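Chemist: What follows is a protein structure lacking sequence information:
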């Protein structure tokens, strides 16, 4: 999902498989509930796409309303694409956002878009709400499963704590699907509408709590957190920081065992966050 804020902590740096551009088109879209839509992309270029599962992130480039396809730099490499994209006219270059890969099958890629999160919809949410078959996009995605786009890396056998809002739900679903049998996981998900609940298949032993808007910190505070737990938190930036502070300062979790990412910030538009990300460089998730 779109995001910004602190760079997440990880226990180790993964091998750096390269990223590449993939020109894709919309195959279909489907509403998953009142606040989310799934868009399925396809294209022969997906033959070279790979994913590490979990919270795998990619860059998605969308066209402006007056365009049929996003304007992208030519002949960019994995090392130069950001500078090349930034050098293009902001009114013409592809609209860049970061999203989570929800699923990947031969020839198809699913991305779930949160709608109306934190106020008025930004250009990505508006595009997703109106997406139809044949609409063209570009994805910057990994060519190998071990890449820097996966942040969920619990130590083997560690109990897991997961908390996030609607924007983190696709990543939460991916994290749970990846967990092996025998893992225990406590999960809290804040959603704006009861109809946004969904099944979250996993082999792990999970306790999932669905939380009303604004209730995530209060829901987590009274919970029993086992020793040696690994925590993953994502969503609105202020909420993420508050939960991390609670787990590290009040609960005594090792700060290195808490992975946290702000996907959006209350009071800031997507374009505000993108401007900050452009200034910071490609390491910051939009």
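Modeler: Arrived safely, thanks for sending. From a predicted model like this one, the values you see are computed outputs, not experimental measurements.
Chemist: can you give me the strands for the stretch 101-250 of the chain?
Modeler: 103-105, 108-114, 136-142, 160-165, 184-190, 205-211, 230-236 (DSSP state E, counting those that start in this stretch).
Chemist: partner residues bridging residue 161?
Modeler: residue 186, residue 231 (DSSP bridges).
Chemist: ok, it - how many residues close by?
Modeler: If you count neighbours by other CB atoms under 10 Å, residue 161 ends up with 26. Yep, even glycine has a C-beta here, placed from its N, CA and C like the rest.
Chemist: right, and it touches residue 247 too?
Modeler: Yes. At 7.4 Å, residue 161 and residue 247 qualify as touching, with contact defined as CB atoms under 8 Å.
Chemist: circling back: I'd like to know which of the strands of the stretch 101-250 of the chain lies nearest to residue 38.
Modeler: strand 108-114 (5.0 Å; CB to CB).
Chemist: buried set for that closest one?
Modeler: For strand 108-114, the neighbour count (16 or more other CB atoms under 10 Å) marks 109-114 as buried.
Chemist: Stretch 233-249 too?
Modeler: Neighbour-count burial for stretch 233-249 [16+ other CB under 10 Å]: 233-237, 239-240, 243-244, 246-248.
Chemist: what's the most distant pair in those residues?
Modeler: 236 and 248 (18.4 Å).
Chemist: now the protein, which segments are flagged as low pLDDT?
Modeler: 1-16, 116-120, 267-286 (pLDDT under 70).
Chemist: please redo it, this time with the cut-off set to 90
Modeler: 1-18, 44-45, 47, 75-79, 116-122, 146, 148, 264-286 (pLDDT under 90).
Chemist: residue boundaries of the helices in it?
Modeler: 81-86, 123-130, 169-178, 216-220, 237-245, 270-280 (DSSP state H).
Chemist: so which of those helices is the most packed in?
Modeler: helix 169-178 (a mean of 24; mean count of other CB atoms under 10 Å).
Chemist: helices or strands next to it in the packing?
Modeler: With contacts taken as 3 or more CB pairs under 8 Å, 6 or more residues apart in numbering; DSSP states H and E, helix 169-178 sits against strand 95-100, strand 108-114, strand 160-165, strand 184-190, strand 230-236.
Chemist: and the angle for that helix with strand 108-114?
Modeler: Relative orientation of helix 169-178 versus strand 108-114 (axes from the mean of the first three to the mean of the last three CA atoms, to 10 degrees): 130 degrees.
Chemist: in the sheet, who's paired with residue 22?
Modeler: Beta-bridge partners, per DSSP bridges, of residue 22: residue 139.
Chemist: ok, it to residue 144 distance?
Modeler: Distance of residue 22 to residue 144, computed by CB to CB, to the nearest Å: 14 Å.
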